[in-house]
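**Student:** next one to model:
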Amino acid sequence: MTNSHETGAVHDFGTGTASADDPIDGSLSAIVIEIADRNGARTLAGALENLIDPPPDALSMFEAAGPGTPWRITAYYGDPPDTGQLHASLEAIVGGSFDVPVPRQETVPDLNWVAMSQAALPPVRAGRFTVHGSHDRHRVPQGPGAILIEAGEAFGTAHHATTYGCLLAIDSLTNKRRYCNVLDLGCGSGVLAIAVARACPKARILASDIDEASVLVARENVKSNRTGARISTIAAAGLDDAELRGSGRYDLLIANILAGPLIRLAKDISRAVEKGGDLILSGLLTEQAREITATYRAAGFTLKQNTRIAGWSTLVLRRV
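**Tutor:** Coordinates of the predicted model:
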């Protein structure tokens, strides 16, 4: 798995482990997959980033040359996997739901490939929120729904179905309720905490991640989006942290991590959410949703919504 940490956020399309200023030499390779269906492209890109080792150093997904053309997934590797084995792995994950195109390997020229993959990422609209990079600042209205997130070392540009599903859930829930005490568990880039801060200006928000590099990136994103006064960012494993325990019970908790950690953390999360509080869970494949739902029902939650996007599920539950 790309991310085995208890509260590490799910990788998003366009993430990279290098700085956008780093030149990469011609030894880098790219695995390219082209597919006509957008949902199929999202499923394959998510599998490459989250379910297959080794994960790519960066990945982009965009429509090759405009409407009606195939979607192009480009995964960048310093040491690329065998394309035949990769094809077989992707077919096993998809389980026959659609035909997986055969990947091909390309040599990447001596270019700033991280910056190029960032530039390929279009803005993502999710309810009232529009997540965009600085390269699109000029064409995205800079109102309260605009969230600036660069593709980089942390995960959360909203191109992945899990982050997108969480943003839709935040938009829907905050249209009906104003939250006061919020935890973004496994915050990655901090995009979900920032979205809550925009929707609930009076909320106190904690954003935590086990990965210290992600926390640093989230902290910078919080500052650049002018939400630093209301979002605290900390490095913490799970919920076993004095600051998390000392913040009282949360009326909204968001955990966009993976199915295994979500199951292991169910009792801790149940104790952390107040009665009547809401819980958003993501980072799980659609076929894992039933087990997660059963686990959280046993922990005192009732399922309010299961949003399925490109093979991934986002669950909204309420503590009873």
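**Student:** the helices in the chain, which residues?
**Tutor:** 38-50, 83-94, 113-119, 161-174, 191-199, 212-224, 242-245, 259-264, 266-272, 289-298 (DSSP state H).
**Student:** out of those helices, which is closest to Ala58?
**Tutor:** helix 113-119 (5.0 Å; CB to CB). C-beta coordinates here come from the backbone N, C-alpha and C atoms, glycine included.
**Student:** returning to that earlier point: lowest average confidence across the helices of the chain, which one?
**Tutor:** Of all those, helix 113-119 carries the lowest average pLDDT, namely a mean of 53.
**Student:** on that earlier part again, the helices of the chain: which one's closest to Pro144?
**Tutor:** helix 191-199 (5.1 Å).
**Student:** the closest one: which residues count as buried?
**Tutor:** 191-199 (16 or more other CB atoms under 10 Å).
**Student:** try stretch 47-58
**Tutor:** Result for stretch 47-58 [16+ other CB under 10 Å]: buried residues 47-52, 55-58.
**Student:** go on, stretch 305-320?
**Tutor:** 306-307, 309-319.
**Student:** which single one of the residues you listed is nearest to Arg42?
**Tutor:** Among these, and counting by CB to CB, the member closest to Arg42 is Ala310, at 3.5 Å.
**Student:** ok, the closest one touching Ala161?
**Tutor:** Yes - between Ala310 and Ala161 there is a contact under CB atoms under 8 Å: 4.4 Å.
**Student:** so what sits against both of these two?
**Tutor:** 42, 46 (CB atoms under 8 Å, 6 or more residues apart in numbering).
**Student:** show me what counts as buried in stretch 199-218.
**Tutor:** 199-200, 203-211, 214-215, 217-218.
**Student:** compute the first-to-last residue distance for it.
**Tutor:** End-to-end distance for stretch 199-218, by CA to CA, to the nearest Å: 18 Å.
**Student:** Lys275: which of the buried residues of helix 191-199 is nearest?
**Tutor:** Looking across the buried residues of helix 191-199 and measuring by CB to CB, the closest to Lys275 is Val196, at 20.2 Å.
**Student:** does Leu284 touch Trp312 like I think?
**Tutor:** Yes - assessed by CB under 8 Å, Leu284 is found in contact with Trp312 at 7.0 Å.
**Student:** joint contacts of these two?
**Tutor:** In contact with both Leu284 and Trp312: Thr162, using CB under 8 Å, 6+ apart.
**Student:** rewinding a little: ok, so of the buried residues of stretch 199-218, who is nearest Glu106?
**Tutor:** When the buried residues of stretch 199-218 are compared against Glu106 (criterion: CB to CB), the nearest one is Val217, at 28.8 Å.
**Student:** hmm, that closest one is touching Val191, no?
**Tutor:** No - using CB under 8 Å, Val217 is not in contact with Val191, being 10.5 Å away.
**Student:** still on that earlier bit, of all the helices of the chain, which one is nearest Ile73?
**Tutor:** Ile73 sits nearest to helix 38-50 of all the helices of the chain, at 5.0 Å, using CB to CB.
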